[in-house]
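Q: My questions are about this predicted structure, shown below with the sequence.
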Amino acid sequence: MKLKNVLLAVADIEKSKAFYRELFGLGVVTDFGVNVILTEGLVLQEKSAWESGVDSTVHFGGYDGALYFEEYDMERFLNRLEESVYPIEYLNPCFERDWGQKTVRIFDPDRHILEIGEAMSAVIARLLRMGMTPEETAAKTRLPLSVILETWSNGKNV
């Protein structure tokens, strides 16, 4: 068995499709009207269709989970948020975690939490460009020195 998709109940499927397309670049794989499969395994389902199958009411805005995305160019993504036609509501503005990763948390149109973290290859590259040694970078990121050296020697986004 494997996890295939993550499904979110949404109030307005067209608005949600546009939101995920414009901000995250997710495309439509299959559109069943009230149920839409997007790239990266995200499925959107109209609230009414979800409720009819569970005999309950959807309550948006819980703080019990998040969808996690990774972005190599965090500054570009943060600018995209600021320039978005969607009013972006932040749970947390961009902050740097102890291990050096920049992270921002926002809400989607139905108040699902979205966490966007800087790709660790980008963190490594940024720390090395700032003048940290590979050993210091390994200590900061808590990644094995071999990963830092491989990223550095292969020139992966450094």
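A: Yep, that arrived.
Q: Give me the buried positions along stretch 106-115.
A: Going by neighbour count (16 or more other C-beta atoms under 10 Å), the buried part of stretch 106-115 is 106, 107, 108, 109, 110, 112, 113, 114, 115. All C-beta atoms are positioned from the backbone trio N, CA, C, and that covers glycine.
Q: Looking at those, which are in strands?
A: Counted as lying in strands by DSSP state E, out of those, are 106, 107, 113, 114, 115.
Q: right, and out of these, which lies closest to residue 25?
A: residue 114 (13.4 Å; C-beta to C-beta).
Q: so the closest one makes contact with residue 66?
A: Yes: counting by C-beta atoms under 8 Å, residue 66 is a contact partner of residue 114 at 6.4 Å.
Q: Take the buried residues of stretch 106-115 and lay them out in TSV including distance to residue 88 and pLDDT.
A: Output for these, formatted as TSV (distance: C-beta to C-beta, whole Å; pLDDT from 0 to 100):
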residue	distance to residue 88	pLDDT
106	6	97
107	8	95
108	10	96
109	10	95
110	14	94
112	13	94
113	13	94
114	10	96
115	14	95
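Q: What about residue 127, how many residues nearby?
A: 20 (other C-beta atoms under 10 Å).
Q: Which helix or strand contains it?
A: With elements taken from DSSP states H and E, the one containing residue 127 is helix 120-129.
Q: which intervals of this structure have sub-threshold pLDDT?
A: Counting by pLDDT under 70, the chain shows low-confidence ranges at 55, 155-158.
Q: coming back round to it: mind listing the shared neighbours of residue 114 and residue 66?
A: Common neighbours of residue 114 and residue 66, counting by C-beta atoms under 8 Å, 6 or more residues apart in numbering, are residue 105.
Q: just the buried residues of stretch 106-115 now: which is nearest residue 125?
A: Nearest to residue 125 out of those is residue 115 (C-beta to C-beta; 20.9 Å).
Q: Wait, that closest one touches residue 66, no?
A: Yes: counting by C-beta under 8 Å, residue 115 does reach residue 66; the two are 4.5 Å apart.
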